[in-house]
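> just a sequence and a predicted model for now, questions to come.
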Amino acid sequence: MTEIFRTPDDRFHGLADFDFQPQYRVLNDLRLAHIDAGYGKPVVFLHGEPTWSFLWRKVIPPVLESGFRCIAPDLPGFGRSDKPLDVDWYTYDRHTEAIAHLFEDLDLHEATIVVHDWGGPIGLRIAVEQAERIDRIVILDSGLITGRQKMSDAWIAFRNFVEATPDLPISMLLRGGCKTDPGDEIAKAYDAPFPNAASKAGARAFPLILPMTPDAPGAQTGRRVLAALKMDNRDTLMLWADSDPFITLATGNRFAEAIGVKPPEIIENASHFLQEDQGAEVGRRIAEWLTCNKGS
């Protein structure tokens, strides 16, 4: 059994604009955290690298106010969730299992899944494998991992940096993915889950497990999910930052075409972490779209 790190609770005290209280569930001896607020049809927000549920704090309020239940988990290795210390523990299958468990444990139905960054490969797989639970899909600056995807030069530089840097500067990575610097207090909140280098194994693992060739682990699953989404007729909204250097707007347009949905709506003055740059606008647009599709 791999060694586990649990971030002390006091690391999360007094975070800016984040009053949501954590709830916990257990999967294979891991304590996994999520926030759960409001009532109505569930909307599940999935973060990616190297963030946690804090990422959604500006997006959630407009959705809550429109009459939806908002749930945002912390993936294993992130946020308030337990953190296996072995980089090799982290796989696409294990992250997907954690989110599948969330849907099953909370018995979610008629849900909307909102995905960003690595939340896309995980959440879109759940949308295919648990289609009976998920009615609508929202995709933000994300995609699928098929082993054939073209990665930007900025992403390749990021991967190389992560591979060579055991003690990742988490908030520096976050700030580098924002159009407007969020400031020291917000940066501190992104550093909070990771008090030492060992606790950052999950953040180090994500870029390294993305399949770069068609025969790499996870690539075949990604192609299966892509094929299923091509045949899918569920309502899907894509929102994309106008200035994302990692998963570019051109990539978003190609992805929309590949799965047969409308091109992304552009979120202006935003980079990869569009939830930081334009979170309220992202939340407003999701809430408006969900309200229009409430009965579908």
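Done, it's in.
> going by C-alpha atoms from here, please, whenever you check contacts or count neighbours.
Noted.
> helices along the protein, start to end?
Applying DSSP state H to the chain gives helices spanning 60-65, 92-105, 119-129, 153-164, 170-176, 184-191, 201-209, 219-230, 249-259, 274-292.
> highest mean neighbour count out of those helices?
When the helices of the chain are scored by mean count of other CA atoms under 10 Å, the highest mean neighbour count falls to helix 119-129 (a mean of 23).
> pull the CA coordinates from that one and hand them back as PDB.
Taking Å, rounded to 0.1, in the frame of the first residue of the first chain, the C-alpha atoms of helix 119-129 are listed here in PDB:
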ATOM      1  CA  GLY A 119     -11.100  17.300 -15.700                       C
ATOM      2  CA  GLY A 120     -12.000  16.800 -19.400                       C
ATOM      3  CA  PRO A 121     -10.500  13.400 -20.000                       C
ATOM      4  CA  ILE A 122     -11.800  12.200 -16.700                       C
ATOM      5  CA  GLY A 123     -15.300  13.800 -16.800                       C
ATOM      6  CA  LEU A 124     -16.000  13.100 -20.400                       C
ATOM      7  CA  ARG A 125     -15.200   9.400 -19.800                       C
ATOM      8  CA  ILE A 126     -17.600   9.400 -16.900                       C
ATOM      9  CA  ALA A 127     -20.200  11.100 -19.200                       C
ATOM     10  CA  VAL A 128     -19.800   8.100 -21.600                       C
ATOM     11  CA  GLU A 129     -19.600   5.300 -19.000                       C
END
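> give the other helices and strands that the helix or strand of the chain with the lowest mean pLDDT contacts.
One helix or strand of the chain scores below all others by mean pLDDT, DSSP states H and E: helix 153-164, with a mean of 89. Using 3 or more CA pairs under 8 Å, 6 or more residues apart in numbering; DSSP states H and E, the elements in contact with helix 153-164 are helix 201-209.
> residues in contact with the helix it packs on?
49-50, 76-78, 83-88, 90-92, 118, 159, 162-163, 166, 168, 217 (CA atoms under 8 Å, 6 or more residues apart in numbering).
> which pLDDT value goes with residue 295?
Turning to residue 295, the model gives it a pLDDT of 51.
> for residue 75, what are its contacts?
The neighbourhood of residue 75, defined by CA under 8 Å, 6+ apart, consists of 32-33, 47, 52, 81, 95, 98-99.
> one step back: buried subset of the contacts of helix 201-209 as a ChimeraX selection?
Only the buried entries of the contacts of helix 201-209 go into this ChimeraX selection, using 16 or more other CA atoms under 10 Å:
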select :49,50,76,77,78,83,84,85,86,87,90,91,92,118,159,162,168,217
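> and the contacts of helix 201-209, which of them are in strands?
83-84 (DSSP state E).
> my guess is residue 54 meets residue 17, correct?
No - using CA atoms under 8 Å, residue 54 makes no contact with residue 17, being 9.0 Å away.
> between these two, who's got more neighbours?
Neighbour count, other CA atoms under 10 Å: between residue 54 and residue 17, residue 54 has more, with 24 against 10.
> could you dump the helices of the chain into JSON lines with distance to residue 136 added?
Below are the helices of the chain laid out as JSON lines (distance: least, CA to CA, whole Å):
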{"stretch": "helix 60-65", "distance to residue 136": "14"}
{"stretch": "helix 92-105", "distance to residue 136": "14"}
{"stretch": "helix 119-129", "distance to residue 136": "9"}
{"stretch": "helix 153-164", "distance to residue 136": "29"}
{"stretch": "helix 170-176", "distance to residue 136": "28"}
{"stretch": "helix 184-191", "distance to residue 136": "29"}
{"stretch": "helix 201-209", "distance to residue 136": "26"}
{"stretch": "helix 219-230", "distance to residue 136": "12"}
{"stretch": "helix 249-259", "distance to residue 136": "14"}
{"stretch": "helix 274-292", "distance to residue 136": "9"}
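> now do the end-to-end distance for stretch 53-66.
Start and end residues of stretch 53-66 are separated by 20 Å (CA to CA, to the nearest Å).
> cool, stretch 254-263 as well?
8 Å.
> cool, and stretch 7-18?
Across stretch 7-18, the terminal residues are separated by 17 Å (CA to CA).
> rewinding a little: contact partners of the least confident helix or strand of the chain?
Under the criterion CA under 8 Å, 6+ apart, residues 168, 204, 207-208, 245-247 lie in contact with helix 153-164.
> any idea how far that helix is from the middle of the chain?
Offset of helix 153-164 from its chain centre (CA atoms, centre = their mean, to the nearest Å): 19 Å.
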